[in-house]
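>>> Pasting the sequence and the predicted model now:
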Amino acid sequence: MKPSCLQLAWLCVVVVALASCSPDESLTPPPLDIRPIPAHLPDVPVPADNPITKAKVELGRMLFYDARLSRDGSVACASCHRPDVGFSDAGRTVSAGVGGALGSRNSPAIINVAYQRHFFWDGRAASLEDQAMAAFLSPAEMSADTIAVAQLLRTIYPQYWRSAFGDTVVTMRRAMQAIATFERTLISAKSPYDRFITGDSTALTTSQRRGMMLFFSDRAMCGHCHSGPNFTDDQFHNVGLFNHYLDRGRWMVTRNLRDEAKFKTPSLRNVELTAPYMATGDSDDGPMQTLEDVVEHYSEGVRPFPTKDPRVKRLRLTEQEKADLVAFMKALTDPTVATNPAFQKPELP
Ligand code: HEC
Ligand code: HEC
């Protein structure tokens, strides 16, 4: 089966994304020798004041993995964003930060996160730099003591600092710029689905192909929100998980009742590895532990919450259709994320 229509539609998305990136002067593409972006993905947008350099990627990778940045030396970014599970915190509904402090949301997979414009489930950060600073300072995450961290960076990292920034002036902003730069290199595009849309018609099983057609169909409408190369429209929606939401989601940012309990559409790349699912890992029908649980929700569990998106409704899928959708989502797993040496924990100074 040739995916011609789909392939065309998808290419359009890439072309539009490319076209909308290039005229904006605040966005500069990363030098290709740093991390070749696969030809079928758009260039990664990069802020003008934080260009990607090899030295900054290396420094950022060390800081991402360095638990000494947290208040008690026990938690690094990588504690909750692990490369073996698509840079999420698999298995935990909510992650534990410093001193075992629990947050209230599920840790998202930060692969291909560079393409997003809103960060956190409610979109409260507008850049990866701001996002990293929030995680770094949050009492439920790293609870960093900035004076102690500045001292540590000055004594342990000076040579890396000079390579990355040209001098040894340590600021928290620069530390976050380095971490964000490393995050911009976390690109995944080697899943069976990527092979399929770039011409290998044998890359998907029959069930996965049926699942793909259903996923992008006007009946299931999954592809309306999980759209584009990263399976997200970067927008906020309510998918009817609860009759009453404790977490008010996007409302907490905009204070607009139309945004009540809306959450950012998560990317589905490597989703097989990032369970549990949804912003809080939970629903009125029980925990969202597996992709089967998620599909069951879209099939039978959707609640009529006032802000629920009309495109989400109980689909009443057959058992075969449910299995096909799950099989398709598993075709979005890129096994090289777990093994790519450039993503792993480096030796720390
Ligand atoms: C204790 C676990 C924990 C630690 C430590 C942690 N994170 Fe997170 N991260 C989370 C959770 C949970 C969320 C979602 C929170 C929310 O939406 O309110 C998140 C969200 C994010 C996002 C947004 C992803 C998206 O799709 O919107 C990025 C990027 C990210 N973290 C990077 C980092 C970086 C960089 C660090 C280190 C400075 C870090 N995280 C430390 C748990 C953690
Ligand atoms: C109206 C937009 C929309 C439609 C249509 C939609 N989704 Fe979603 N999807 C979302 C949002 C938003 C979330 C997060 C919801 C939350 O946490 O409250 C989500 C969450 C998910 C998750 C969890 C991912 C994770 O990392 O936690 C999966 C899997 C998923 N959707 C698959 C599907 C499938 C399959 C379909 C079609 C049957 C579909 N979605 C239809 C917007 C949508």
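Yep, it's here. Ligands and ions are numbered 1, 2, ... in the order given.

>>> is it true that V312 touches V302?
Yes: between V312 and V302 there is a contact under CB atoms under 8 Å: 5.6 Å. Heads up, the C-betas are built off the backbone N, CA and C, glycines and all.

>>> So for the two, which residue has more residues nearby?
Higher neighbour count among V312 and V302: V312, with 22 against 19, using other CB atoms under 10 Å.

>>> Quickly note the distance from H244 to ligand 2.
The spacing between H244 and ligand 2, counted by CB to the nearest ligand atom, to the nearest Å, is 13 Å.

>>> Now that residue: which helix or strand?
Using DSSP states H and E, H244 sits within no helix or strand.

>>> Just give the number of residues close to it.
Look at H244: counted by other CB under 10 Å, it has 8 neighbours.

>>> ditto for T318
Applying other CB under 10 Å, we find 10 residues neighbouring T318.

>>> Give the residues shared as contacts by V312 and V302.
V239, G240 (CB atoms under 8 Å, 6 or more residues apart in numbering).

>>> helix, strand or coil for the most centrally placed residue in the chain?
Using CA atoms, centre = their mean, the residue of the chain that lies closest to the mean C-alpha position is I110, 3.5 Å off. Per DSSP: H, G, I helix; E, B strand; the rest coil, the secondary structure class of I110 is coil.

>>> how about the nearest residue to it, chain neighbours excluded?
F87 (4.5 Å; CB to CB, 6 or more residues apart in numbering).

>>> wait, what's in contact with the one you found?
So F87 contacts H81, A109, I110, I111, V113, L186, V337, F343 (CB under 8 Å, 6+ apart).

>>> again with E300
By CB under 8 Å, 6+ apart, the residues touching E300 are D285, R314, R316.

>>> List phi and psi for the closest residue to ligand 1 within the stretch 201-349 of the chain.
Residue nearest to ligand 1 within the stretch 201-349 of the chain (CB to the nearest ligand atom): K264, separated by 6.1 Å. In terms of degrees, to the nearest 10, the main-chain angles of K264 are phi -70, psi 140.

>>> any weak-confidence spans in the stretch 1-150 of the chain?
1-37, 91 (pLDDT under 70).

>>> and with 80 instead?
Of all residues in the stretch 1-150 of the chain, those with pLDDT under 80 make up the ranges 1-39, 90-101, 103.

>>> where exactly do the strands run in the stretch 151-300 of the chain?
Per DSSP state E, counting those that start in this stretch, the stretch 151-300 of the chain carries strands over the ranges 236-237, 263-264.

>>> mind putting these in a markdown table, mean neighbour count and mean pLDDT included?
Shown next, in a markdown table, are these (neighbours: other CB atoms under 10 Å; pLDDT from 0 to 100):
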| stretch | mean neighbour count | mean pLDDT |
| --- | --- | --- |
| strand 236-237 | 22 | 98 |
| strand 263-264 | 22 | 98 |
